[in-house]
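Visitor: Take a look and give me a structure for this.
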Amino acid sequence: MYHTLYFVTLLACLSGIVSGISAPRAEAKSTTCKLQVLQSSTPRGYISSKRNESGEYGILTNSSTEAIEVTFTPKNTSTQMDLSVTGANVNTPALGAIVGFFNEGDDLKAGSYHYAYIGLTSRTPSGAVPQTGVNSFDQVQNYNRKIESAIWSFNSSTKSVTPQWVNTDRSTPQNILLYVDKQNVLIITGDKGKFGETFKEEFEAQGATPVEVDDLAFLHFPHIEGSPNRALLLYLLETVVNDPAMADDVPVVNLLKGPEPYMNLGRLTVVP
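Guide: Numbers count the residues shown, from 1 in each chain. Next up, the predicted model:
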């Protein structure tokens, strides 16, 4: 946890989310996506299906065929969802959160440096507090960290996609999703400032400055005329979909709040 931090944002899956929320239906369609990290509006690579040496996700690859795939079922209001990882072992099928090694407890909240890794986990019930379960970190490190899998939320009204850890008292303070460079790891925390302060000496030694993330916002191309991100988003649309005519139908998740409005220092995108 000793290197540069970048905030991340989700670019929504294309046809899957559109079909899943466009009209009421008995069952929403499942959606399979790939994950990609961008910094300063520049793609850094896809999140590889390979994990780092500690069993956490965050290794980057330039090949979409090597990228991790996740499947979920979007609904009009979806909270505490699982993201199923394509090809994962039956014992660790979900993209979940694993309590950080240096934590002194299992809660993520303001005033605490505590964090959780993103890795493979067994499934935990929606709304469950941290609990012991099989996970990719423990399988490598031979520890016994607690986990949660149903941490992902999608809300069609606010157009937001966010991770949400449930604390031991069942409280759910705001979570922040961060990418840690050099360590090749994705984490969530409840207090980015406290997290940075705790590892201040290590960050200073690396010349690193933690970057604050406020939240994840869900955008549509037709509603961002004149925004500094429009050129990038249209570029991504043409690259990913190769059909600009779909702009009215393709939802995009993009980080709006940062050190300055529309200042995107890094983001995690989801593409087919």
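Visitor: Helices of the stretch 1-150 of the chain, start to end?
Guide: In the stretch 1-150 of the chain, the segments counted as helices under DSSP state H, counting those that start in this stretch are 15-21, 136-141.
Visitor: Out of these, which gets the lowest mean score?
Guide: Here these differ in mean pLDDT, and the lowest is helix 15-21 at a mean of 36.
Visitor: Mind picking out the helix or strand in this structure with the poorest mean pLDDT?
Guide: strand 217-220 (a mean of 27; mean pLDDT, DSSP states H and E).
Visitor: Next, count neighbours for the nearest residue to residue 116 once chain neighbours are set aside.
Guide: Leaving out its chain neighbours, the residue that sits closest to residue 116 by C-beta to C-beta, 6 or more residues apart in numbering is residue 97, at 4.0 Å. (Glycine included, C-beta is placed from N, CA and C.) Per other C-beta atoms under 10 Å, the neighbour tally for residue 97 reads 31.
Visitor: List the contacts of residue 97.
Guide: Shown in contact with residue 97 (C-beta atoms under 8 Å, 6 or more residues apart in numbering): 116-119, 121, 147-149, 151, 163, 165, 188.
Visitor: Try it again at 6 Å.
Guide: 116, 148, 151, 165, 188 (C-beta atoms under 6 Å, 6 or more residues apart in numbering).
Visitor: Just those: which are in strands?
Guide: Cross-referencing the contacts of residue 97 against strands under DSSP state E gives 116, 148, 188.
Visitor: hang on, isn't residue 72 packed against residue 86?
Guide: No - taking C-beta atoms under 6 Å as the definition, residue 72 is not a contact partner of residue 86, at 11.7 Å.
Visitor: ok, those two, which is more surrounded?
Guide: Higher neighbour count among residue 72 and residue 86: residue 72, with 24 against 14, using other C-beta under 10 Å.
Visitor: give the contact list for the more buried one.
Guide: Shown in contact with residue 72 (C-beta under 6 Å, 6+ apart): 81, 83.
Visitor: Which per-residue confidence value corresponds to it?
Guide: As predicted, residue 72 sits at a pLDDT of 79.
Visitor: again with residue 193
Guide: The predicted local confidence for residue 193 is 85.
Visitor: Count the residues that sit near it.
Guide: 14.
Visitor: so it sits in a helix?
Guide: Yes - under DSSP: H, G, I helix; E, B strand; the rest coil, residue 193 falls within a helix.
Visitor: From residue 176, how far out is it?
Guide: 10 Å (C-beta to C-beta, to the nearest Å).
Visitor: contacting residues around stretch 123-141?
Guide: Residues contacting stretch 123-141 (C-beta under 6 Å, 6+ apart): 51, 54-55, 80, 91-92, 94, 98, 106, 117, 119-122, 145-150, 166, 168.
Visitor: In it, which residues are buried?
Guide: 123-124, 128-130, 133-139 (16 or more other C-beta atoms under 10 Å).
Visitor: Also stretch 168-184?
Guide: 172, 175-181, 183-184.
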